[in-house]
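Undergrad: Sequence plus predicted model, see below.
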Amino acid sequence: MKKVSVVIPAYNAHNTLARCLGSLVNQTMQDIEIVVINDASTDDTWEIMKRCEAQFPDKMVIINSDVNTGCGGARSIGLDAASGEYIGMADADDYVAPTMYEKLYARAVETGADIIDSGFYKEATDQALLSTGDDTVGMLDDNKRSKLIAGSGYLVTKIFKNELFNDPPVRMQSNMAALEDLEILIYMFLRSKSIATVKEIFYNYCDTEGSNTKMMDMDRYFDAVYRAMQGTYDKCHNMPAYNGCRKAVEFMIANIYSYGINRCIYDQIVRYGASEKNIKKYFDCAGLKEKALLKKLSELKKSVIEVPYKENSYITDRITNLDLMIMEECDKRF
């Protein structure tokens, strides 16, 4: 068993994959397994993977999928193959510092924590951050878990004990255009007993043009929002820690709900302007298709959110009053 497995989905990654894999095969940790999944690419991604495997056969595990399953589906394929004591994730258009996994694993050995987190650098905004604060490390209780859930964070800055993914098995949804990480990250916070950090910036997020997070096609985005809301509830609501963290989880679901509503009425917000006085117009003037999607979204919300908005401090503190009023209007209409 390797100390750490790193799972990387790759789709048409010609311009970035060599840099990503170079940052992984040259880690100061030698006992590392790099699991790369070619997600039915139409460029030379598979050839790049094979060349890297030929150079580093002791570190590389490459998988060629004939079916495109998206980032979540490809990561799930990789998780099936990953054998490491701890599991990390990376995206093919990003890269990591050479000491990342050695230092994360050393902290894991030192603390025995289920999750080890580190820092994140976003090139587009020249912003560095560590999403796990000092008030959330150590043994987890409802308060710490709730703070971690509401603060979200990133899968790619962390390593996780293998058993969190495999005992029992938990995987990511396939073919989601966005938000595929959310439910699994919330699940991990609810499931884990402890978390530790290394306060260094290791992961470089490169915000590639045309990435899924910039996708604004309404049908695909709605599908992602709907499935993220449903998937989060399905994966988490029966977990022992759920009730103690309900408000934080429901805040995250409500936040996605707000994203979905705003995408459906986006044209009306642009037309009339973002103002509380225009909220009724947003819904009155929405198209028939948009209204049908809003109805579907509202019906789902009623089945996955129990605590009223005004009684959930995470919602009232973190969602703007305008967005909250839009959510309430959607609830009333549908």
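TA: Thanks, I have it.
Undergrad: Could you chop this structure up by domain?
TA: Per automatic domain parsing, the domain ranges recorded for the chain read 4-210, 216-333.
Undergrad: Which of these has the highest mean neighbour count?
TA: Per-residue neighbour counts averaged over each of these give the maximum for domain 4-210, namely a mean of 19 (mean count of other C-beta atoms under 10 Å). The way it works is simple: take the backbone N, C-alpha and C, and place the C-beta from them, glycine included.
Undergrad: would CSV of the domains of the chain with mean pLDDT be doable?
TA: Supplementary listing: the domains of the chain in CSV, determined by pLDDT from 0 to 100:
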stretch, mean pLDDT
domain 4-210, 96
domain 216-333, 97
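Undergrad: surely Arg263 meets Tyr221?
TA: Yes: under the criterion of C-beta atoms under 8 Å, Arg263 lies in contact with Tyr221, with a separation of 5.3 Å.
Undergrad: Then Val198 would be within a strand, right?
TA: Yes: assignment of Val198 by DSSP: H, G, I helix; E, B strand; the rest coil places it within a strand.
Undergrad: Relative to Ile8, how far out is Val36?
TA: Distance of Val36 to Ile8, computed by C-beta to C-beta, to the nearest Å: 5 Å.
Undergrad: Give the intersection of the neighbour lists for these two.
TA: With contacts taken as C-beta atoms under 8 Å, 6 or more residues apart in numbering, the residues that reach both Val36 and Ile8 are 21, 78, 92.
Undergrad: Find the nearest non-adjacent residue to Ala150, please.
TA: Leaving aside its chain neighbours, Ala150 sits nearest to Ala248 (4.5 Å; criterion: C-beta to C-beta, 6 or more residues apart in numbering).
Undergrad: same deal with Ile48?
TA: Closest residue to Ile48 apart from its sequence neighbours, by C-beta to C-beta, 6+ apart: Leu17 at 5.1 Å.
Undergrad: Enumerate every residue touching that neighbour.
TA: 10, 45, 48-49, 92.
Undergrad: before we move on, what about Gly133?
TA: If a contact means C-beta under 8 Å, 6+ apart, then Gly133 has 147, 151 as its contacts.
Undergrad: Against Lys2, how distant is it?
TA: In this structure, Gly133 and Lys2 are 30 Å apart, going by C-beta to C-beta.
Undergrad: So which residues of the stretch 151-300 of the chain form helices?
TA: 162-166, 182-191, 218-236, 246-264, 266-272, 279-284, 288-304 (DSSP state H, counting those that start in this stretch).
Undergrad: Format the ones you listed as JSON lines; extra columns: distance to Asn143.
TA: Supplementary listing: the helices of the stretch 151-300 of the chain in JSON lines, determined by distance: least, C-beta to C-beta, whole Å:
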{"stretch": "helix 162-166", "distance to Asn143": "21"}
{"stretch": "helix 182-191", "distance to Asn143": "12"}
{"stretch": "helix 218-236", "distance to Asn143": "17"}
{"stretch": "helix 246-264", "distance to Asn143": "10"}
{"stretch": "helix 266-272", "distance to Asn143": "36"}
{"stretch": "helix 279-284", "distance to Asn143": "34"}
{"stretch": "helix 288-304", "distance to Asn143": "23"}
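Undergrad: Quick check: which of those helices is nearest to Asp331?
TA: Asp331 lies closest to helix 288-304 among those, at 6.0 Å (C-beta to C-beta).
Undergrad: elements contacting the helix or strand that comes right after that closest one?
TA: Elements were assigned by DSSP states H and E; along the chain past helix 288-304, the next helix or strand is helix 313-318. Using 3 or more C-beta pairs under 8 Å, 6 or more residues apart in numbering; DSSP states H and E as the contact definition, the elements that helix 313-318 packs against are helix 142-151, helix 246-264.
Undergrad: That's all I had, so thanks and see you.
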